[in-house]
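Enquirer: sequence plus the predicted model coming up.
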Amino acid sequence: MSLTIKVHFTSITHLNFSTKPCTFTGYNTRIRPKPIYHFNPLTSTSCKPKRMQAPVQSSSASVIKSSLIEPDGGVLVDLVVPESEREAKTVEAQSMPKVRLTKIDVEWVHVISEGWASPLKGFMREDEYLQSLHFNSLRLKDGSVVNMSLPIVLAMDDETKEGVGSSSAVTLVGPDGDSIAILRSIQIYKHNKEERMARTWGTTAPGLPYIEEVITPAGNWLIGGDLEVLKPIKYNDGLDHYRLSPKQLRKEFDKREADAVFAFQLRNPVHNGHALLMNDTRRRLLEMGFKNPILLLHPLGGFTKADDVPLDVRMEQHSKVLEDGVLDPETTIVAIFPSPMHYAGPTEVQWHAKARINAGANFYIVGRDPAGMGHPTEKRDLYDPDHGKKVLGMAPGLEKLNILPFRVGYIFTV
């Protein structure tokens, strides 16, 4: 028996086609003494370089830039304290009340600090939390709306709340006791776990991975405020050189003179169907008139459930895919998206798409049952497999992103 995979794209939504610039151990990684890869994904390839296409010229003869899409809010957030201020801020942090972070909390600090959640500048205060929870979006001061489908919040227990008292700022300390960040102009409010679960996942059924790992054991209070991260978050697992910030990715897209960037997220290894899809997407973009579309292959690198393939194994396989020429290293950037995984289906896929806007991608590929999983107590999918791509085509704040939905057909022959 053989298996033929046919990839069919449905119509592309959000038609913005234009060639004009428009130290803790993380989850599911095994520490290695050396990086899995022996080259930097941005500066080297494992095959003989090919001749790059000449940069496309506009009518004014200026090189097209791959800053093709503005970050949400217009400015990419960067909350890491400048090195010149680091020592003074660290000393200041020692005198503040402390809020201890879990490993997943640190992953969220990483996400916020690099601008993946722009224009968010810290853990959500109550007004931001309610907008995110009930509207999947935030309304900015100028009246514009940005997508924010997942609440990004920090929980604490009664004892920690009592220790914070009337302080206006706290120090966030990692699992090993090191000062990670300062949270200023804080607000403390009630953590209604049942409401959060029901509105984010559409169910309060037991057994959902993120709920079991994060929300159930969390405290009954949420603390929000403005974040100042004392130094860049590092994991020391041999993969930090793949954790490229939105600022680094945008710079690389410009360096490669991309006129389109299409992002594809995975939390499992690349298989032949994925490779066919990504190569076919580039072919289609070339047919549309783009001259140098770049693929951002962007595996999720934060918390995942126990039966997902570990991150180090996935990255080694992704490296092999480039080494063997299944994907072209010159037109592909492999990087790690540091967000934890919620498995919240259509609600979460909006977050995945929004974060890639901030990274500089103006196309996003979405397939069957994105961010979905089986129901934890019943023998069925938790979400309708087609709802994720439908929601992306309608979601508030994602209008500037071109959505590339696809479906896969399987033909068995004997």
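Expert: In hand now; what should we look at?
Enquirer: what is residue 263 paired to in the beta sheet?
Expert: residue 296, residue 364 (DSSP bridges).
Enquirer: which ones are touching it?
Expert: Neighbour list for residue 263: 295, 296, 298, 356, 359, 361, 363, 364, 365 [criterion: Cβ atoms under 8 Å, 6 or more residues apart in numbering]. For every residue, glycine as well, the C-beta is placed using N, CA and C.
Enquirer: excluding chain neighbours, what is closest to residue 247?
Expert: residue 76 (6.0 Å; Cβ to Cβ, 6 or more residues apart in numbering).
Enquirer: ok, how many other residues are close to the closest residue to residue 100 other than its chain neighbours?
Expert: Leaving aside its sequence neighbours, residue 100 sits nearest to residue 173 (Cβ to Cβ, 6+ apart; 5.4 Å). Residues within reach of residue 173, counting by other Cβ atoms under 10 Å, total 17.
Enquirer: residue 173 and residue 87, how far apart?
Expert: The gap separating residue 173 from residue 87 is 18 Å, by Cβ to Cβ, to the nearest Å.
Enquirer: could you do residue 267 as well?
Expert: 38 Å.
Enquirer: quick check on residue 95: phi, psi?
Expert: Dihedral pair for residue 95: phi -90, psi 0, per degrees, to the nearest 10.
Enquirer: point me to the helix or strand that includes the closest residue to residue 367 other than its chain neighbours.
Expert: Spatial nearest neighbour of residue 367, chain neighbours left out: residue 406 (5.5 Å); criterion: Cβ to Cβ, 6+ apart. Element membership of residue 406, judged by DSSP states H and E, is strand 402-413.
Enquirer: thinking again about what came up before, ok, the residue nearest to residue 367 - how many residues close by?
Expert: Neighbours around residue 406, by other Cβ under 10 Å: 17.
Enquirer: residue 278 is in contact with that one, correct?
Expert: No: Residue 406 lies out of contact with residue 278 (Cβ atoms under 8 Å); the separation is 10.6 Å.
Enquirer: need the residues touching each of these two.
Expert: residue 365.
Enquirer: what packs against the strand or helix carrying residue 254?
Expert: Following DSSP H and E, one finds residue 254 within helix 246-255. Helix 246-255 sits against strand 332-334, helix 345-359, with contacts defined as 3 or more Cβ pairs under 8 Å, 6 or more residues apart in numbering; DSSP states H and E.
Enquirer: pick the most deeply packed of the ones you listed.
Expert: Highest mean neighbour count of those: helix 345-359, a mean of 25 (counted as mean count of other Cβ atoms under 10 Å).
Enquirer: show me how far that one is from its chain's centre.
Expert: Offset of helix 345-359 from its chain centre (Cα atoms, centre = their mean, to the nearest Å): 7 Å.
Enquirer: what do you get for stretch 269-287?
Expert: With Cα atoms, centre = their mean, you get 21 Å for stretch 269-287.
Enquirer: now what about it, what contacts it?
Expert: Taking Cβ under 8 Å, 6+ apart as the rule, stretch 269-287 contacts 5, 7, 9, 260, 262, 264, 266, 293, 295, 297, 309, 313-314, 317-318, 321, 326-327, 331-332, 363, 365, 367, 404, 406, 408.
Enquirer: picking that back up, list the beta-bridge partners for the residue nearest to residue 367.
Expert: Bridge pairing for residue 406 - DSSP bridges - gives residue 9.
Enquirer: I'd like the distance between it and residue 295.
Expert: Counting by Cβ to Cβ - residue 406 and residue 295 are separated by 14 Å.
Enquirer: what does residue 238 give?
Expert: Remark: distance between residue 238 and residue 295 (Cβ to Cβ) = 23 Å.
Enquirer: more crowded one of those two?
Expert: Taking neighbours as other Cβ under 10 Å, residue 238 and residue 295 compare with residue 295 leading, 25 against 18.
Enquirer: could you pull out the strands for this protein?
Expert: 2-9, 98-100, 137-139, 145-147, 155-156, 169-173, 179-190, 221-229, 260-264, 293-297, 332-334, 363-366, 402-413 (DSSP state E).
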